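Participant: This is a predicted model, with the sequence first.
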Amino acid sequence: MEKISNYPLFNNLRNEYTKFIYKQYNIIEEKDRVVLEYIYNLDEKIEFKNVITIWKKEFKYILDFNDELIKSIVFNIGIAEAISYYKTTCSKIFEIKCGYLDDYQKKWWEKLIYNGLGELRYLNSFEQVPIDEFITIISENTKEIEIDKSKYENIQFNGNLIPVGGGKDSIVTIELLKDYDNNPFEFYHKRKASYDTCKVAGFKNKDIFEVDRKLDDKLFELNKQGYINGHIPISSVMSFVSYLSALLIGKKYIVLSNESSSNEGNIEGTNINHQYSKSYEYEKDFNEYVEKYFINKVKYFSLLRPISEYQITKQLTKYEKYLNIFRSCNAGIKENMWCTNCPKCVFVYILLLPFLGVEKNREVFGKDILDDENIEIHFRKLIGLEYEKPFECVGTKEEIIFALKEYINKNEKLPILVEKYKEYIQNYIIDIDYNTLYNAENFIPDEYLEILKKEIY
C-alpha cells in the first residue's frame, strides 16, 4: 500500500462516527469447541460480530470457562480484536460497555492501539495526530469481575506452547526446544506451511492447539466502500489468545519466535513500526499487564529475541528437511507459495543466499529473484536506499547488507541486482558481526537461554 492523503477522510469519519463501542462478549461452550463471540458497533449505526473458535480436541483442561480469570481474559481478547473494526473510522471515543478498565489499563490499551496502528496512521497521512487527540477509552464505572489470585497458586504449569506460522523463525524455535514438552499453537491462518512444519517436526494433529478467527463480512464491505484500512497489531491478538490457551491446558511458557530486528521501525525518527506488537517493548508491556491483572504462572517470551534474522536463517539451513516446505510470503499465503514479487520474498531470498547459493535458492523459490529487475524497488528499500523500510516483517538494512557482502565475497558471478548495487554494498561500513550478535534485552528463562547460546554461538 502506498501512502495516500486520507486526512480529510479521517476527520469526516470521526465526525460521523464519534464512538466505537465494544458492546458485549459471549462464551458459548459446545461439545468439541468453545466459541467466543464479540459484538461491536460504530456509534450504534453499524454492528459487527467477531468469532473466535477454540477447538477442544483431546486436551485436558485445567481451568474452565466459568472461571473468573478465564472470563477476564476473554473480555480482554475482545479489546484486542476490536482494533480490526475500530480502524475503519478511528473514532475519537472507544467505549467499553461490557467490562471495566482502570486508568492504567485504559492508558495501556490506548498506547497499543496508537502504536499498533502506526503503519496505518502513516500510510493514511494522519500520523501527526498525537495520542491524546487520537483516542480516549471509556468504560463502565463498576468492576464486575474480581480475581482471587491465591486460588491458582497450587496449580502446576509445565511445558511450552509454541506459535507456529509456517515461516523460518518458528521452525528454529521448535528445533531448539525439540527435547521439551511442546505443543504447537495454530492461530487463525490455517496455513498449509504451518501444518507441514508441525508434521515434519513430528507432531500429530492431536498435539496442535488450534484457534480459528472469523472477521465479520461487513468489515470487508466497509473496506470496499473506502473506509480507513490498513495493518493492525495482529500479534497482540495472538498474545492474549495464546495466553488464554496456555492457561486452559496448563502450559508454563508461551515461546515466541520474534527476533531482535522486530524492534526497528520503518520510518527513522518515528514510532512507526510494522512489527510493533512483535517488539521487545510490547513484550515487556504485555508481561507487565498479565502479572498485574491476571496471574504470573504463564510466561510469555521470544526465544529468538537476542539474535538477528541473519543468525536465524543460518540456523534454519541446518534443518534441510524444512527448506522446501516453509513459507514466509504473506502475498502467497492462501496458495502456499512464494509470490517472488514482494519485499518478504526478496528479503528471505537475500538472507538464504550466502548459505544456499543461487541454485539451491532457485529450488526453494522457483526462480532467481534477484535477476528480476521488476523487484528493484523492494531491493532498494531493503538495503536502505529509499525513505521507507518495507512494511513487512523484515530485518534491518545492516544485516541484509551483511548477508549480501558475505555472498559477494565468496562468489564472482552475481545476480543482476547484486551486481548493479555491488559498489554501494561493498562500501557500506558495518560495525556488527551478525554471526555473533547478542541482544541482552529479553525475557528468556536461563535454562532456555543456555540452549540458544550453545546452538547459535
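Facilitator: Thanks, I have it. Numbers count the residues shown, from 1 in each chain.

Participant: Figure out the helix or strand that Thr173 lives in.
Facilitator: helix 168-176 (DSSP states H and E).

Participant: after that helix comes which helix or strand?
Facilitator: strand 182-187.

Participant: That next one pairs with which strands, parallel or anti?
Facilitator: strand 160-163 (parallel), strand 209-214 (parallel) (DSSP bridges).

Participant: could you dump these to a markdown table with distance to Lys178 and mean pLDDT?
Facilitator: Where you see a C-beta, it was placed from the backbone N, CA and C, and this is true even at glycine. Below are the strands paired with strand 182-187 laid out as a markdown table (distance: least, C-beta to C-beta, whole Å; pLDDT from 0 to 100):
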| stretch | distance to Lys178 | mean pLDDT |
| --- | --- | --- |
| strand 160-163 | 11 | 98 |
| strand 209-214 | 18 | 96 |
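
Participant: and Glu423, which of those strands is closest to it?
Facilitator: For those, distance to Glu423 was read as C-beta to C-beta. The smallest value, 41.2 Å, belongs to strand 160-163.

Participant: Not counting its own residues, what contacts that closest one?
Facilitator: Strand 160-163 has contacts (C-beta atoms under 8 Å, 6 or more residues apart in numbering) with 170, 173-174, 177, 180-187, 209, 238, 242, 245-246, 249, 251-257.

Participant: average pLDDT for the helix holding Thr173?
Facilitator: Averaged across helix 168-176, the pLDDT comes to 97.

Participant: buried stuff in the helix ranked longest in the chain?
Facilitator: Determined from DSSP state H, the single longest helix within the chain is helix 343-365. Across helix 343-365, burial judged by 16 or more other C-beta atoms under 10 Å covers 343-356, 358, 361, 364-365.

Participant: Which neighbouring elements make contact with the helix or strand that comes right after that helix?
Facilitator: With elements assigned by DSSP H and E, the helix or strand that comes after helix 343-365 is helix 376-382. Judged by 3 or more C-beta pairs under 8 Å, 6 or more residues apart in numbering; DSSP states H and E, helix 376-382 is in contact with helix 343-365.

Participant: what angle separates the helix it packs on from helix 168-176?
Facilitator: Computed with axes from the mean of the first three to the mean of the last three C-alpha atoms, to 10 degrees, the direction of helix 343-365 lies at 60 degrees from that of helix 168-176.

Participant: Give the residue farthest from the middle of this protein.
Facilitator: Within the chain, the residue lying farthest from the chain centre (C-alpha atoms, centre = their mean) is Glu412, at 38.0 Å.

Participant: And the closest residue to Phe203 other than its chain neighbours, what's its pLDDT?
Facilitator: Distances taken as C-beta to C-beta, 6 or more residues apart in numbering place Pro184 nearest to Phe203, at 5.6 Å, with adjacent residues excluded. Looking at Pro184, its pLDDT stands at 97.

Participant: Wait, Pro184 touches Lys199, no?
Facilitator: No - counting by C-beta atoms under 8 Å, Lys199 is not a contact partner of Pro184; they are 10.1 Å apart.

Participant: Please identify which of those two sits among more neighbours.
Facilitator: The residue with more neighbours, out of Pro184 and Lys199, is Pro184; 21 against 13, by other C-beta atoms under 10 Å.
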